[in-house]
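J.: return a 3D structure for these sequence lines:
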Amino acid sequence: MSAALLALLVLAPSAACALAEGGPSTGELRARATSAATEEDRAGAERRVRDEIARVAQRLPGLRPYGVVTTDSCVRGPGYDWKAQGDSGREMTCSVNATAYYGWDEDIPALLDAVAAAFPERAEAAAREARVWERLLANGGPSAPSLVTGLAWDIPGEGLAEPRPCPEESDHMVYARCSVEPASGPVPLDEIRRAHRLVVTWSEGAGYLAVGGPDATG
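T.: Below you'll find the model as predicted:
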């Protein structure tokens, strides 16, 4: 089960409770999500996320870019902020999330070493994981997902999933907007797999609005 789907399943009960207990209506929350002040904050969050994705392309030229999918959404409850899952007073959370898709022609240790060299803030974790992968590959050990924040790759038996369609607005999904680059649509991952050794993704996200309940500030 994907993290996004799991998040929606976890959040659905909290959305129902908000409606049942007299929380703000979907229309009221949508008005907040589309206000001029929120639009300004939204633009800033999207700019930060896009800047981070651009930094990956600049610092890791060995990655062949194939596209970026950006999702901007406002959901009832704490959203994808796992630290806030127990916050029953959170009425709505808005965030921008982007995933860039790449092809990579070397092995995983080489990718991790490149990440360590290019991103000082991730250097220790990436270098340590690279050495673990060297041992795994040398001994035929099991493959595993990346431990470096934002980075993911295909692993045997559990390849990366195709980009999900843009979610539709509902009582729970108060606001939703997506953009896909290139405009023609995402390149199928199987096409990237045929052209490269690995499919790699890099994800970044930024929150820009948290609306609290009657006894909280948002």
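
J.: worst-scoring helix or strand of the chain, pLDDT-wise?
T.: Across the helices and strands of the chain, mean pLDDT, DSSP states H and E gives its lowest value to helix 3-20, namely a mean of 42.

J.: and the strands in the protein?
T.: 64-76, 90-104, 151-153, 173-181, 198-212 (DSSP state E).

J.: turn those into a markdown table, columns for mean pLDDT.
T.: Shown next, in a markdown table, are those (pLDDT from 0 to 100):
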| stretch | mean pLDDT |
| --- | --- |
| strand 64-76 | 95 |
| strand 90-104 | 94 |
| strand 151-153 | 92 |
| strand 173-181 | 94 |
| strand 198-212 | 94 |
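
J.: dump these to TSV, plus distance to residue 53 and mean neighbour count.
T.: For glycine as for every other residue, the C-beta is placed from the backbone atoms N, C-alpha and C. Formatted as TSV, the strands of the chain follow (distance: least, Cβ to Cβ, whole Å; neighbours: other Cβ atoms under 10 Å):
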stretch	distance to residue 53	mean neighbour count
strand 64-76	6	21
strand 90-104	5	23
strand 151-153	12	19
strand 173-181	10	18
strand 198-212	6	20
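
J.: to residue 44, which of these lies closest?
T.: Of all the strands of the chain, strand 198-212 sits nearest to residue 44, with 6.8 Å by Cβ to Cβ.

J.: could I get the strands of the chain as CSV with distance to residue 118?
T.: Formatted as CSV, the strands of the chain follow (distance: least, Cβ to Cβ, whole Å):
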stretch, distance to residue 118
strand 64-76, 15
strand 90-104, 13
strand 151-153, 11
strand 173-181, 22
strand 198-212, 11
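
J.: which one of those lies nearest to residue 34?
T.: That would be strand 173-181 among these, by Cβ to Cβ, at 6.6 Å.

J.: nearest to residue 163, of the strands of the chain?
T.: When the strands of the chain are compared (using Cβ to Cβ), the closest one is strand 64-76, at 4.5 Å.

J.: Provide the strand pairings for that closest one, with the direction of each partner.
T.: strand 90-104 (antiparallel), strand 173-181 (antiparallel) (DSSP bridges).

J.: so which of these is nearest residue 136?
T.: Of the strands paired with strand 64-76, nearest to residue 136 by Cβ to Cβ is strand 90-104, at 17.1 Å.

J.: just the CA atoms of that closest one, as PDB, please.
T.: Provided in PDB are the C-alpha atoms of strand 90-104 (Å, rounded to 0.1, in the frame of the first residue of the first chain):
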ATOM      1  CA  ARG A  90      -6.300  20.400  13.300                       C
ATOM      2  CA  GLU A  91      -9.200  21.300  10.800                       C
ATOM      3  CA  MET A  92      -7.200  21.500   7.600                       C
ATOM      4  CA  THR A  93      -3.600  21.200   6.300                       C
ATOM      5  CA  CYS A  94      -2.300  22.400   3.000                       C
ATOM      6  CA  SER A  95       1.000  21.400   1.300                       C
ATOM      7  CA  VAL A  96       2.800  21.300  -2.000                       C
ATOM      8  CA  ASN A  97       4.600  18.100  -2.900                       C
ATOM      9  CA  ALA A  98       6.700  17.300  -6.000                       C
ATOM     10  CA  THR A  99       8.200  14.100  -7.300                       C
ATOM     11  CA  ALA A 100      10.900  14.200 -10.000                       C
ATOM     12  CA  TYR A 101      11.500  11.000 -12.100                       C
ATOM     13  CA  TYR A 102      14.900  10.100 -13.400                       C
ATOM     14  CA  GLY A 103      16.900   7.400 -15.100                       C
ATOM     15  CA  TRP A 104      20.300   6.300 -13.600                       C
END
